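Novice: Let me see the structure of the following:
(one chain, ligands or ions: 2)
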Amino acid sequence: MGAGHRPVSAYVISSGGGVASCPRPCVENVTGESETRVREILHLLWVCEKMAYHNQYRAPQYNSAPPDQAFLWNIFQRVDKDRSGSISDTELQQALSNGTWTPFNPVTVRSIIAMFDRDNKGGVNFNEFAGVWKYITDWQNIFRTYDRDNSGFIDKTELKQALTGFGYRLSDQFYNTLIEKFDRQRKGQVAFDDFIQCCIVLQRLTDVFRRYDTDQDGWIQVSYEQYLSMVFNIV
Ligand SMILES: [Ca+2]
Ligand SMILES: [Ca+2]
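Specialist: Ligands and ions are numbered 1, 2, ... in the order given. As a prediction, the model looks like this:
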């Protein structure tokens, strides 16, 4: 790890809770596991089939087993601060770090919870949390892979490489639009939480478009009401 390396960490911030009390990743504090062990777990299978559009998605191969239940339970209990048996948006947000002093993007947190909250109770229980853990650690892996200069941010060139790697074919100009839209910290590049959000939104929009683009040529013709329906699928 180079001197300039600023690791982005999903987990977490235990002592005192809250990002401000511990801006640096404190994986060991929370999990009781060594960072090496955590890193092993982070090398999970990366399955991201939904991102491809025109081209075939090329998934990197990670050869690892899912984390064991005791390990996950340990993390779950620490994140579930009020011991309710369910992790809320707020609890998850406090447990996540985007590698900077700013709180984790609340929209990203809500998106993740909504994705795994199968019983619609407004949080994730232990079983659902396994999916959340894998999802976030997979994104960490992806982020680290594409943050080539280890700056802790994804710049335009890195974003282009990432999204191209996922199978998207977008113009240079559109990358400017993406950066502008998802650069919450106004740094001209995208932090970990905003990178996830960018990919989630892009994927949702693409999925809706694809439903209409039956011949997959990248063009659709829609009526006003079809357009409204498309938008309603997203908002
Ligand atoms: Ca809780
Ligand atoms: Ca970077």
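
Novice: quick one: which helix or strand includes Lys160?
Specialist: In this structure, Lys160 sits in helix 156-166 according to DSSP states H and E.

Novice: so what pLDDT did the residue in the chain that ligand 2 sits nearest to get?
Specialist: Nearest residue of the chain to ligand 2, counting by C-beta to the ion: Ser151, 3.6 Å away. All C-beta spots, glycine's among them, are computed from the backbone N, C-alpha and C. On the pLDDT scale, Ser151 is placed at 95.

Novice: What about it, how many residues nearby?
Specialist: Residues lying near Ser151 (other C-beta atoms under 10 Å) number 15.

Novice: Tell me which residues of the helix holding Lys160 come out buried.
Specialist: By neighbour count on 16 or more other C-beta atoms under 10 Å, the buried set for helix 156-166 is 156, 158-160, 162-163, 165-166.

Novice: now the residues you listed as TSV including distance to ligand 2 and pLDDT?
Specialist: Converted to TSV, the buried residues of helix 156-166 look like this (distance: C-beta to the ion, whole Å; pLDDT from 0 to 100):
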residue	distance to ligand 2	pLDDT
Lys156	10	97
Glu158	5	97
Leu159	9	97
Lys160	12	97
Ala162	10	96
Leu163	14	96
Gly165	15	94
Phe166	17	93
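
Novice: quick revisit: which is the next helix or strand following the helix holding Lys160?
Specialist: Sequence order places helix 172-182 as the next helix or strand after helix 156-166, per DSSP H and E.

Novice: between that next one and helix 156-166, how big is the angle?
Specialist: 110 degrees (axes from the mean of the first three to the mean of the last three C-alpha atoms, to 10 degrees).

Novice: and helix 172-182, how far from the chain's centre?
Specialist: With C-alpha atoms, centre = their mean, to the nearest Å as the basis, helix 172-182 stands 18 Å off its chain's centre.

Novice: Please apply the same query to stretch 119-130.
Specialist: 17 Å.

Novice: Which of the residues in it are classified as buried?
Specialist: So for stretch 119-130, counting by 16+ other C-beta under 10 Å, buried means 123-125, 128-130.

Novice: what do you get for stretch 212-220?
Specialist: 213, 220.

Novice: try stretch 74-87
Specialist: For stretch 74-87, a neighbour-count test (16+ other C-beta under 10 Å) marks 74-76, 78-80, 86-87 as buried.

Novice: Among those residues, which pair sits farthest apart?
Specialist: Greatest spatial distance in the buried residues of stretch 74-87: Asn74 and Ser86, 16.8 Å, computed using C-beta to C-beta.
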